[in-house]
Each structure stands twice: as C-alpha cells, then as structure tokens.
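[1] Pasting a predicted model and its sequence here:
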Amino acid sequence: MASKRGALIVLEGVDRAGKTTQCKKLVQALLQSGRPAEMMRFPDRSTTIGQLISAYLEKKTDLEDHTVHLLFSANRWELVPVMKKKLEQGITLVVDRYAFSGVAFTSAKPGFCLDWCMKPDVGLPKPDLVMFLQLNPAEAALRGQFGTERYETSTFQKAVQERFEQLMKDSSVNWEVIDASQNIEGVHHDIRTHSLNVVNEAQNTPLGELWQ
Ligand code: ADP
Ligand code: 2DT
C-alpha cells in the first residue's frame with residue numbers, strides 16, 4: 001500500500017501580513033508534533049529562472065509584463081517534481097506564496113484579467129489549504145515601511161488585495177481567512193488548528209490539480 005502523503009499548505013496575503021513568520025512557526029510546530037514538514041517559498045530565487053525574477057523584483061532589469069508572469073509560473077512548474085516527491089514521501093509542504101500571488105499581482109497591472117493570469121498555473125499541485133492572512137494597510141504600516149522592491153507601494157498593494165478578494169470567491173479552492181492583526185502566537189494558533197485538520201485529512205486523499 002502507498003504511504004500516506006503530506007499536505008500542501010499555502011500562506012498568502014499582502015506585504016507584511018506575517019506569511020514568512022507564520023510559515024516558519026508552522027513547520028516548527030508540525031515537526032515538534034512528529035509530522036515531517038518543510039517550508040518552500042515562491043518565487044524561489046535560487047534557480048536560473050528565479051534569478052531572472054529576482055533581478056526584475058530588485059529593479060535591476062526590466063521585463064515585459066506577460067513575460068515575467070510566465071516566468072513566475074515557470075518557477076513553480078520547475079519545482080513540481082520536487083514538490084510531488086516530497087508530498088509522496090509524507091512530507092507536508094508549507095509554502096510562502098503560490099499561484100494566487102501570481103494571479104493577484106499580475107492582474108493588478110493595467111490590461112490583465114484574472115482569467116488570462118490563471119491559465120499558466122492550471123494543473124499545478126492543488127493546495128489542500130490556502131490561508132489568507134488578512135491585514136489592513138494601516139496595521140501593515142505599523143510593522144514597518146515598504147521595501148524598495150517592485151510592487152511595494154500602497155496603491156499597488158490595494159489593487160492586489162482586491163484581486164485576492166476576487167480569487168477567494170472560487171469555491172474550488174479550500175480558502176481560510178486568518179485574522180493577521182492578532183499577535184504572532186494568536187495567528188499561529190489559528191493556522192496550526194486549520195493545518196492539523198488538513199494534514200490528517202490529506203493523508204488519505206489524492207493530490208488535486210489546481211483550477212481544473
Ligand atoms: P510577510 O512575509 O507577509 O511579508 P513577515 O513575516 O516578514 O511578513 O513579517 C513582516 C514584519 O512584521 C516582521 O518584522 C515581523 O516580525 C512582523 N510581524 C509578523 N507577524 C506579526 C504580528 N502578528 N504582529 C506584529 N508584528 C508581526
Ligand atoms: P517576496 O519574495 O518578498 O514574497 O516578494 N509575486 C510573487 C508575483 O508577482 N508573482 C508570483 O507568482 C509570486 C509568487 C509578490 C515576491 C514578490 O513577487 C510577487 C511579491
């Protein structure tokens with residue numbers, strides 16, 4: 001009999017919502033409870049494609065908008081064999097941003113619709129759970145200034161938030177909205193509760209395909 005698979009858990013949210021902090025804490029909590037777990041993040045800037053994306057985000061290079069969208073998607077697809085292997089080995093993957101960021105960010109640019117932006121990511125491993133860390137801009141501002149990378153402006157982030165809200169209407173994805181304005185432990189408590197349920201359920205269900 002095949003061994004029990006790990007769960008694919010994604011954290012999404014606007015800048016400074018606490019995604020990275022919470023991904024790390026969730027991995028620690030899962031490991032401490034005896035469940036194998038690893039963190040991943042997108043973009044993964046370590047690959048050749050990731051380096052092109054990183055230079056773009058750092059404004060060292062310019063790329064045409066469709067082109068960079070496809071590179072972000074390619075950066076996920078190139079990691080799919082590794083992700084599937086780990087999940088099959090029973091490792092739960094906790095992922096900092098995924099295709100939802102891909103769609104929300106590009107579709108916030110003029111001339112892009114949600115539908116076109118979703119297409120390249122159709123068929124990716126489907127997350128068992130996507131937690132959206134909800135935080136309003138005033139509270140995000142209390143956590144520090146915007147950085148200097150591309151997209152780090154309040155006008156653009158507001159448009160991104162609106163696109164995320166559109167995406168969350170899609171009931172084919174298991175969304176959970178988390179109140180990210182709580183303290184770090186409070187947010188972690190909510191995330192851990194939802195994740196443990198999903199890790200247990202995923203063991204006996206096949207991995208799905210996103211948006212199809
Ligand atoms: P993201 O990955 O969503 O951009 P981070 O996890 O990097 O967010 O957190 C952004 C900043 O906010 C960091 O300085 C972090 O320590 C702080 N932070 C994270 N979660 C909270 C929280 N719940 N309350 C207050 N500050 C937080
Ligand atoms: P961080 O590395 O700080 O999370 O910033 N983005 C991300 C996209 O535009 N498309 C994508 O597919 C993904 C995964 C969000 C990465 C920045 O890149 C944006 C912020």
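    Yes, it's here. Ligands and ions are numbered 1, 2, ... in the order given.

[2] can we go C-alpha only for contacts and neighbour counts from here?
    OK.

[3] helix/strand/coil for Thr20?
    helix (DSSP: H, G, I helix; E, B strand; the rest coil).

[4] list the contacts for it?
    Applying CA atoms under 8 Å, 6 or more residues apart in numbering to Thr20 gives the contacts Asp96.

[5] Then Gly6?
    The contact partners of Gly6, taken as CA under 8 Å, 6+ apart, are 36-37, 86-93, 199, 202-203.

[6] out of the residues you listed, which one sits closest to Gly144?
    Lowest distance from Gly144 to these (CA to CA) belongs to Leu93, with 28.3 Å.

[7] wait, isn't the closest one in contact with Leu8?
    Yes. Leu93 is within contact range of Leu8, at 5.1 Å (criterion: CA atoms under 8 Å).

[8] list the residues that contact both of those two?
    Leu87.

[9] if we can go back for a sec, mind giving me JSON lines with the contacts of Gly6 and columns for distance to ligand 2?
    Shown next, in JSON lines, are the contacts of Gly6 (distance: CA to the nearest ligand atom, whole Å):
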{"residue": "Pro36", "distance to ligand 2": "24"}
{"residue": "Ala37", "distance to ligand 2": "20"}
{"residue": "Lys86", "distance to ligand 2": "20"}
{"residue": "Leu87", "distance to ligand 2": "20"}
{"residue": "Glu88", "distance to ligand 2": "23"}
{"residue": "Gln89", "distance to ligand 2": "24"}
{"residue": "Gly90", "distance to ligand 2": "24"}
{"residue": "Ile91", "distance to ligand 2": "21"}
{"residue": "Thr92", "distance to ligand 2": "19"}
{"residue": "Leu93", "distance to ligand 2": "15"}
{"residue": "Val199", "distance to ligand 2": "23"}
{"residue": "Ala202", "distance to ligand 2": "24"}
{"residue": "Gln203", "distance to ligand 2": "26"}
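
[10] Restricted to helices, list those.
    Among the contacts of Gly6, the members found in helices (DSSP state H) are Lys86, Leu87, Glu88, Val199, Ala202.

[11] Around ligand 1, pick out the residues from this structure.
    Within reach of ligand 1 by CA under 6 Å from any ligand atom, the chain has these residues: 15-21, 143, 180-184.

[12] Buried among those? Make that a PyMOL selection.
    Buried subset of the residues of the chain next to ligand 1, written as a PyMOL selection, criterion 16 or more other CA atoms under 10 Å:
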select buried, resi 15+16+17+18+19+20+180+181
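
[13] Tabulate the residues of the chain next to ligand 1 (a markdown table), appending pLDDT and distance to Ser195.
    Shown next, in a markdown table, are these (pLDDT from 0 to 100; distance: CA to CA, whole Å):
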| residue | pLDDT | distance to Ser195 |
| --- | --- | --- |
| Asp15 | 91 | 22 |
| Arg16 | 94 | 21 |
| Ala17 | 96 | 18 |
| Gly18 | 97 | 16 |
| Lys19 | 98 | 14 |
| Thr20 | 98 | 16 |
| Thr21 | 98 | 15 |
| Arg143 | 93 | 25 |
| Ala180 | 98 | 16 |
| Ser181 | 97 | 19 |
| Gln182 | 98 | 18 |
| Asn183 | 98 | 18 |
| Ile184 | 98 | 16 |
